[in-house]
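> Here's a sequence, model it:
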Amino acid sequence: MTVPIYRINRQTFKLSEDLTAAVKTSLEAWQREDKVRRLWARDASLWTGTEEGNWLGWLEITEDQLTHLQRFKSIAEEVKNAGFSHALLLGMGGSSLCPEVMKMTFGKLTGYPELLVLDSTDPAQIQTFESKIDLASTLFIVSSKSGSTLEPNIFKQYFFEQVKRVVGEKEAGNRFIAITDPGSKLQQMAENDGFRHIFFGVPSIGGRYSALSDFGMIPSAIMGVDVAKFLSRTEDMVLACKPSVPIEENPGVVLGTILGVLAKRGYDKVTLITSPGIYDLGAWLEQLLAESTGKEGKGLIPVDRESLGPPEVYGRDRIFVYIRLESAPDESQDRAIDRLEQAGRPVVRISVDEIYDLGEEFFRWEMATAVAGSILGINPFNQPDVEASKVETRKLTAEYEQTGALPPEIPILEEGNLRLFTDEKNARALKKAVGSDSSLVAYFKAHLNRLQANDYFAVLAYVEMNEVHEKLLQSLRHAVRDAKGVATCLGFGPRFLHSTGQVYKGGPNRGVFLQITCEDAVDLPVPGQKYTFGVVKAAQARGDFQVLTERDRRALRVHLGKEVKADLVKLETAIRQALV
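Residues are numbered from 1 along each chain as shown. Okay, the predicted model is just below:
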């Protein structure tokens, strides 16, 4: 079935007869009950009837931005003429993922600063980014909707001090801009420190829906993207999703209906396949889907950057969404998707003509997520379990400020450099399963044997996000997928806390989790605090794990030594042995 909208990225889908009929029935109900018009009218009764109507500012943001284009041109020219070599964005979640997608998609544009995005408290990661830039010729973009998010604030503290040492206190503020909501603590800080500019978000747009607001578009302009062209094309998708469009031709509503209807029938693992040229779009979609829908025991589980396999390695809980870049397709992906479709697996295909059409996908998926949330019966605009992890992290960092130490921990197993930790309930279950064989491989085997049909396996890695580590962790996740036939996820901490962390804790209790932490070979101070970046990362990992176990999740933590690469090799080897 094809959704025949012109001038926008084409969308088709192929489902079984019963699923196609269920989607058609749902669309007819939406038409009959005038739900698309009600959505555009911000009718909270489409969801839980609480505060949803206050969070729909993203519906009109593109039109608003198109009437205020001069400021994008102005900041782009100003930064270009100032001769900045780099722009380093300091943010998390909704304030960092869209800029990262734009950077990874458009690359370095001639004459403009290269955009880099830092969203990790891992000291090695911060050090790596600092080594890539010249502090004196870098523009720092501190991006936080609330202005009180821990990570952007401590990034700012660190780099502001570093820049002051190089250019002096008087000049430091001129190398910083802020993007935040009006009246936030970040606005006050930026004014006090003499930031070059302050740009404002829209209070009625939540972080993960903010791609087309200044949180996404100001960094895009700074790196040299033609924002006017980008938004103009996006507006075509906005118009295609309006109530005046026949519902079966409304691309956002059709996609959202497919996702919502299939999730209620057990197809809740949304497997994202993106062409290499737009591969990072999956990271943005992960946050949008997981944080919006993963609550009250319901939710869509996004599966990003899992390599395509033959149909037989997949369970019957998958829906595949193939986002194909028409200007640079991957033929091996085409063939694999064809095989999945021929095998009767649910497949949605989206064709993106070229990279300037990416904004259409931001809006299509925001609309689809809102629609799917309505069908699932949840509020797609809050994130209660993300807040729970933040609370636990604050408790731990506050304790460190008072005592100079985090609470002691006792491992359930030590083998070489690797140590295992978990809560009492998980420890009892694992100990019973391993019996007298108290080895690392035995514990991993026991943990992985907890995976059942329609479960998923998630690797939560609080280590530096780099090519070497990612390759090893990808190998590990695929070994589990192929041996157990389950969906697998890979997230680097703490960034995933502001993304998939919500569905892991608030969504269906179908996850088996392996958290990975490490000793930090290097650490960096947080100016004005006793705690360091390494302590913050450790507190975030512990807070994350505590909330997982409080939610009765099957979770195990493995702690590595300082030689992270070598210990990841040992870990991957042990996992493979456990799967035999």
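> After the helix or strand residue 323 falls within, which helix or strand is next?
Using DSSP states H and E, residue 323 falls within strand 318-325. Counting by DSSP H and E, the next helix or strand C-terminal to strand 318-325 is helix 331-342.
> Name the next helix or strand downstream of that following helix, please.
Counting by DSSP H and E, the next helix or strand C-terminal to helix 331-342 is strand 347-352.
> Tell me where the stretch 51-200 of the chain has strands.
Taking DSSP state E, counting those that start in this stretch as the test, the strands found in the stretch 51-200 of the chain are 86-90, 114-118, 138-143, 176-180, 197-200.
> What is the first one packed up against?
Okay, so that is strand 86-90. When contacts are defined as 3 or more Cβ pairs under 8 Å, 6 or more residues apart in numbering; DSSP states H and E, strand 86-90 sits against strand 114-118, strand 138-143, helix 150-167, helix 214-222. All C-beta spots, glycine's among them, are computed from the backbone N, C-alpha and C.
> Residue 502 is nearest to which of those?
Nearest to residue 502 among the helices and strands packed on strand 86-90 is helix 150-167; the distance by Cβ to Cβ comes to 16.5 Å.
> Show the residue spans covered by the helices in the stretch 401-550 of the chain.
424-434, 440-448, 467-484, 501-506, 533-550 (DSSP state H, counting those that start in this stretch).
> Neighbours of the closest residue to residue 493 other than its chain neighbours, how many?
Among residues not flanking residue 493 along the chain, residue 462 sits closest, at 3.8 Å (Cβ to Cβ, 6 or more residues apart in numbering). When neighbours are counted by other Cβ atoms under 10 Å, residue 462 registers 28.
> Just confirm residue 462 contacts residue 519, I think it does.
No. With contact defined as Cβ atoms under 8 Å, residue 462 does not reach residue 519; the gap is 11.2 Å.
> got any ranges where this structure has weak pLDDT?
For the chain, the stretches with pLDDT under 70 are 1-6.
> now do 80
For the chain, the stretches with pLDDT under 80 are 1-7.
> How about the contacts made by the residue of it positioned farthest from its centre?
Relative to the centre of the chain, and counting by Cα atoms, centre = their mean, the farthest-placed residue is residue 436 at 40.4 Å. Not one residue lies near residue 436 by Cβ atoms under 8 Å, 6 or more residues apart in numbering.
> what's the answer for residue 397, then?
Residue 397 neighbours (Cβ under 8 Å, 6+ apart): 150, 531, 535-536, 539.
> and of those residues, the nearest to residue 441?
Nearest to residue 441 among those, with distances taken as Cβ to Cβ, is residue 539, at 30.1 Å.
> How many residues are close by the closest residue to that closest one other than its chain neighbours?
Leaving aside its chain neighbours, residue 539 sits nearest to residue 396 (3.8 Å; criterion: Cβ to Cβ, 6+ apart). By the criterion of other Cβ under 10 Å, residue 396 has 21 neighbours.
> does residue 476 really touch residue 574, like I thought?
No. Residue 476 is beyond contact range of residue 574, at 9.7 Å (criterion: Cβ under 8 Å).
> Between those two, point out the one with more neighbours.
Per other Cβ under 10 Å, whichever of residue 476 and residue 574 has more neighbours is residue 476, with 24 against 21.
> Where does the residue most central in space within the chain fall, secondary structure wise?
Centroid-nearest residue in the chain: residue 287, 3.5 Å away (criterion: Cα atoms, centre = their mean). Element membership of residue 287 [criterion: DSSP H and E] is helix 281-293.
> Specify the next element, helix or strand, located C-terminal of that helix.
strand 301-304.
> Which strands and helices lie in contact with that next one?
Other helices and strands packing on strand 301-304, by 3+ Cβ pairs under 8 Å, 6+ apart, are strand 269-274, helix 281-293, strand 487-492.
> rewinding a little: surely the residue nearest to the centre of the chain touches residue 97?
Yes. Contact between residue 287 and residue 97 holds when scored by Cβ under 8 Å: they sit 5.6 Å apart.
> give me phi/psi at residue 527?
phi -50, psi 130 (degrees, to the nearest 10).
> What is the neighbour count of it?
Applying other Cβ under 10 Å, I find that residue 527 has 14 neighbouring residues.
> With residue 234 instead?
Residues contacting residue 234 under the criterion other Cβ under 10 Å number 27.
> count of residues packed around the closest residue to it other than its chain neighbours?
Once flanking residues are discounted, residue 234 sits nearest to residue 359: 3.3 Å by Cβ to Cβ, 6+ apart. Close neighbours of residue 359, defined as other Cβ under 10 Å, add up to 29.
> who touches residue 359 in this structure?
Residues in contact with residue 359, defined by Cβ under 8 Å, 6+ apart, are 62, 211-212, 230-231, 233-234, 237.
> now do 10 Å
Under the criterion of Cβ atoms under 10 Å, 6 or more residues apart in numbering, the neighbours of residue 359 are 62, 98, 102, 211-212, 216-217, 220, 225, 227, 229-238.
> for residue 349, same thing?
Shown in contact with residue 349 (Cβ under 10 Å, 6+ apart): 2, 10-14, 273, 320-324, 334, 337, 341.
> In which helix or strand does residue 576 reside?
helix 564-578.
> Tell me the helices and strands packed up against that helix.
Here helix 564-578 touches strand 418-421, helix 440-448, strand 456-461, helix 467-484, strand 511-518, strand 554-560, going by 3 or more Cβ pairs under 10 Å, 6 or more residues apart in numbering; DSSP states H and E.
> number of nearby residues for residue 165?
Around residue 165 sit 10 other residues, with neighbours defined as other Cβ under 10 Å.
> Thought residue 172 was touching it, still the case?
Yes. Contact criterion Cβ atoms under 10 Å: residue 165 and residue 172 qualify, at 9.0 Å.
> Does residue 381 lie in a helix or a strand, and which?
Counting by DSSP H and E, residue 381 is found in no helix or strand.
> Against residue 204, how distant is it?
From residue 381 over to residue 204 the distance is 10 Å, taken as Cβ to Cβ, to the nearest Å.
> Settle it for me: which of those two has more neighbours?
Between residue 381 and residue 204, counted using other Cβ under 10 Å, the more crowded position is residue 381 (26 against 18).
> and that one, backbone torsions?
For residue 381, the backbone dihedrals (degrees, to the nearest 10) come out as phi -120, psi 0.
> Could you number the chain from 244 rather than 1 from now on?
Right, with 244 as the first residue, what we last looked at is residue 624.
> Look up how far residue 690 lies from the residue lying closest to it once chain neighbours are set aside.
Using Cβ to Cβ, 6+ apart and skipping the chain neighbours, the partner closest in space to residue 624 is residue 298 (3.8 Å). The gap separating residue 298 from residue 690 is 38 Å, by Cβ to Cβ.
> Isn't residue 690 up against residue 756?
Yes. Here residue 690 reaches residue 756: they are 9.1 Å apart, a contact under Cβ under 10 Å.
> Identify the contacts common to those two.
Taking Cβ under 10 Å, 6+ apart as the criterion, residue 690 and residue 756 both touch 665, 669, 700, 797-799.
> For those residues, please prepare JSON lines with the additional fields distance to residue 737.
Putting the shared contacts of residue 690 and residue 756 into JSON lines (distance: Cβ to Cβ, whole Å) gives the following:
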{"residue": "665", "distance to residue 737": "20"}
{"residue": "669", "distance to residue 737": "22"}
{"residue": "700", "distance to residue 737": "20"}
{"residue": "797", "distance to residue 737": "21"}
{"residue": "798", "distance to residue 737": "16"}
{"residue": "799", "distance to residue 737": "19"}
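> ok, back up a step: quick one: work out the angle between the helix holding residue 530 and helix 457-465.
Inter-element angle recorded for helix 524-536 and helix 457-465: 170 degrees (by axes from the mean of the first three to the mean of the last three Cα atoms, to 10 degrees).
> Helix 524-536 - contacts with which helices or strands?
helix 340-349, helix 494-507, strand 512-517, strand 544-547, strand 561-568, helix 601-619, strand 730-735, helix 744-749.
> Output these as a markdown table; include the columns distance to residue 653.
Converted to a markdown table, those look like this (distance: least, Cβ to Cβ, whole Å):
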| stretch | distance to residue 653 |
| --- | --- |
| helix 340-349 | 36 |
| helix 494-507 | 40 |
| strand 512-517 | 35 |
| strand 544-547 | 32 |
| strand 561-568 | 39 |
| helix 601-619 | 40 |
| strand 730-735 | 26 |
| helix 744-749 | 24 |
